[in-house]
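*Asks:* Sequence below, structure please.
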Amino acid sequence: MATVGFLHSAHAHVRSFSDLLAERDDSVAARHLVDTGMLATARSHGLQAARPAMADRLRRLVAEGAEVVVCTCSTTGALAEEVGARTGVRVVRVDRPMAEAAVLAGRRIAVVTSLGEAADTLLPLLRECARDTGRDVQLLDVRCTDTWTAFESGDLLTYTTGVAEAVRRAVASLQPAVDVVVLAQASMLDAAPLLRDLHVPVLTSPRLAVEAAVEAVVPVVPAGR
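*Replies:* Here you go, the predicted model:
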């Protein structure tokens, strides 16, 4: 059975990614590993301080049968890619598929973050994806850092509505109008349904990352066979 591993920084992500995987392909098994300390280490001491833990967690997921690992933490995603490349572990950085889609969706991109570290990692990734595709983009930094404490305390409703309100304020105030909104962190997944009435696409990372992971482990059957 094809198996996708998920490396999380919060327990709240387990159900979200399990549901997305089952929705995408219920024949694919999931292995979840939650490490709340790795994000804390990266925030307190810098990303490289989390390298030993990252290498260990990736190895553990592979030992449990994971053929590809989705790092669902935006802050540590770049480190996961780097360590995976060095150790031979296939890694999907949760925000890379979203970044690739965003630069194709329009020039003016509103990037919404509730953690400064997430912005520090996603903004360079978006620029990298724009260069790779020959796109000229303008990144508009939208911060809602006052909402993060609600997520940390488990008050997901307050967090989600706070993120959605920040997006509405940004879309209303930014001129010229934005072409696409990027909800930078996996924790923001449930804010997207609250923004369906906006006249611009709102991209989230979890669904696109799961799509990429499934495509990596499930063979493509040629049409007509």
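*Asks:* drop to CA atoms for contacts and neighbour counts, all remaining ones
*Replies:* OK.
*Asks:* since we're on residue 88, how many residues are nearby?
*Replies:* Residues lying near residue 88 (other Cα atoms under 10 Å) number 9.
*Asks:* Would you check how far apart it and residue 25 are?
*Replies:* Residue 88 sits 25 Å away from residue 25, taking Cα to Cα, to the nearest Å as the criterion.
*Asks:* again with residue 151
*Replies:* Per Cα to Cα, residue 151 is found 29 Å from residue 25.
*Asks:* who has more neighbours, those two?
*Replies:* In this comparison of residue 151 against residue 25, neighbours counted by other Cα under 10 Å, the higher total goes to residue 151 at 18 against 13.
*Asks:* Surely that one is within a helix?
*Replies:* Yes: the assignment for residue 151 by DSSP: H, G, I helix; E, B strand; the rest coil puts it in a helix.
*Asks:* if I pick it, what's in contact with it?
*Replies:* 158-159, 187 (Cα atoms under 8 Å, 6 or more residues apart in numbering).
*Asks:* Just the ones in helices from those residues, please.
*Replies:* 158-159 (DSSP state H).
*Asks:* Which members of the contacts of residue 151 are classed as buried?
*Replies:* Buried positions within the contacts of residue 151, assessed by neighbour count (16 or more other Cα atoms under 10 Å), are 159, 187.
*Asks:* which SS state does residue 199 fall under?
*Replies:* With three-state DSSP as the basis, residue 199 sits in coil.
*Asks:* how about it, what does it touch?
*Replies:* Contact analysis of residue 199 by Cα under 8 Å, 6+ apart lists nothing.
*Asks:* any idea how far residue 161 is from it?
*Replies:* Distance of residue 199 to residue 161, given as Cα to Cα: 18 Å.
*Asks:* Next: residue 121.
*Replies:* Residue 121 sits 24 Å away from residue 161 when distances are taken as Cα to Cα.
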